[in-house]
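In: sequence-free structure coming up:
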């Protein structure tokens, strides 16, 4: 137990030192009950979308699933931007993990030397300082997906299509059978160490292993803001830098 405590302390000190050497580490937004207030929601919205659209998006559960273990802690909220197109809502979701490391049940981790090289330079510089990932892309790992909802005659919104990146950073199109569970919830899944959300088969995984599925709705869904995009170097709709599918509404 003492050894485990010392190791945990060393990891914490190393993480703190890494942050200090790359400037302050911005915090991914926490769930906020304040966003249930109309005034706060309008103030947080980055592009002044209709309040009704925000209410609709935040009432639609979005789940994030991992087919296999990968490094990094999933953020406690998912950010979004929304655009209404006729009877459709086009929603870009931004999902955050604290880190991106090449370990877990994947091919790269079995190739120990390449994985160590990636981990010691891309994820962390000499396992101590922030790696090239932080300097090139920004804090943490932010992945995106774009979901289209269509409104039925009874007013309900139904997900009809989605787009996300695969492990090669190529956009893939997902049909409802790929990402909608039996309850009608969107389930975005990753099956790679770098967390891209374009994996198929999320419905099956949700049915057999619910421990690997985390769902967000209401105060767990927050509007993307210009300040957050700047802090995490995400870019903009016109010039996306990270989570590209979520920007392209």
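Out: Great, that's in hand. Predicted, not measured: the structure shown is a model, and the values here were computed from it. Numbers count the residues shown, from 1 in each chain.
In: Residue 236 contacts residue 229, correct?
Out: Yes - in terms of CB atoms under 8 Å, residue 236 counts as a neighbour of residue 229; the distance is 6.6 Å. Glycine gets a C-beta too; all of them are placed from N, C-alpha and C.
In: So for these two, which sits in the more crowded spot?
Out: The neighbour comparison of residue 236 against residue 229 (other CB atoms under 10 Å) goes to residue 229, with 23 against 12.
In: Figure out the helix or strand that that one lives in.
Out: helix 226-231 (DSSP states H and E).
In: How about residues contacting that helix?
Out: Residues outside helix 226-231 that contact it (CB atoms under 8 Å, 6 or more residues apart in numbering): 26, 29, 46, 79, 139, 234, 235, 236.
In: Show me the strands in the chain, by range?
Out: 62-66, 78-85, 88-97, 124-125, 129-130, 141-151, 157-165, 171-174, 186-190, 213-216, 221-223 (DSSP state E).
In: Which stretches in this structure count as helices?
Out: In the chain, the helices defined using DSSP state H lie at 2-20, 38-44, 51-58, 107-110, 112-118, 132-136, 176-179, 202-208, 226-231, 244-247.
In: picking that back up, give me the lowest-pLDDT entry from the contacts of helix 226-231.
Out: In terms of pLDDT, residue 46 ranks lowest among those, with 45.
In: ok, residue 166 - contacts?
Out: Contact analysis of residue 166 by CB under 8 Å, 6+ apart lists 172, 192, 196, 198, 199.
In: can we see that at 6 Å?
Out: By CB atoms under 6 Å, 6 or more residues apart in numbering, the contact list for residue 166 reads 172, 196, 198.
In: Just confirm the second one contacts residue 168, I think it does.
Out: No - taking contacts as CB atoms under 6 Å, residue 196 lies outside contact range of residue 168: 8.4 Å.
In: So these two - more neighbours on which side?
Out: residue 196 (27 against 10).
In: contacting residues for that one?
Out: 143, 165, 166, 167.
In: let's go with 10 Å and repeat that
Out: 95, 141, 143-145, 164-172, 188-190, 243, 245 (CB atoms under 10 Å, 6 or more residues apart in numbering).
In: swap in residue 53?
Out: Counting by CB under 10 Å, 6+ apart, residue 53 has contacts 45, 82, 83, 84, 89, 91.
In: bridging residues for the fourth one?
Out: The reference is to residue 84. residue 89 (DSSP bridges).
In: Look at it and report its pLDDT.
Out: pLDDT, residue 84: 94.
In: now it: how far from residue 58?
Out: 15 Å (CB to CB, to the nearest Å).
In: Report the mean confidence score over stretch 88-107.
Out: Here the average pLDDT along stretch 88-107 is 81.
In: Any regions of this protein where pLDDT drops low?
Out: Applying pLDDT under 70 to the chain flags the ranges 1-24, 33-51, 101-138, 205-211.
In: picking up where we left off before, can you tell me which of the contacts of helix 226-231 has the most neighbours?
Out: Going by other CB under 10 Å, residue 79 tops these with 27 neighbours.
In: Tell me if I'm right that residue 58 and residue 80 touch.
Out: Yes - if you go by CB atoms under 10 Å, residue 58 and residue 80 touch, sitting 8.3 Å apart.
In: what touches both of those two?
Out: Common neighbours of residue 58 and residue 80 (CB under 10 Å, 6+ apart) are 216, 221, 222, 223.
In: Out of the residues you listed, the closest to residue 152 would be?
Out: residue 221 (21.0 Å; CB to CB).
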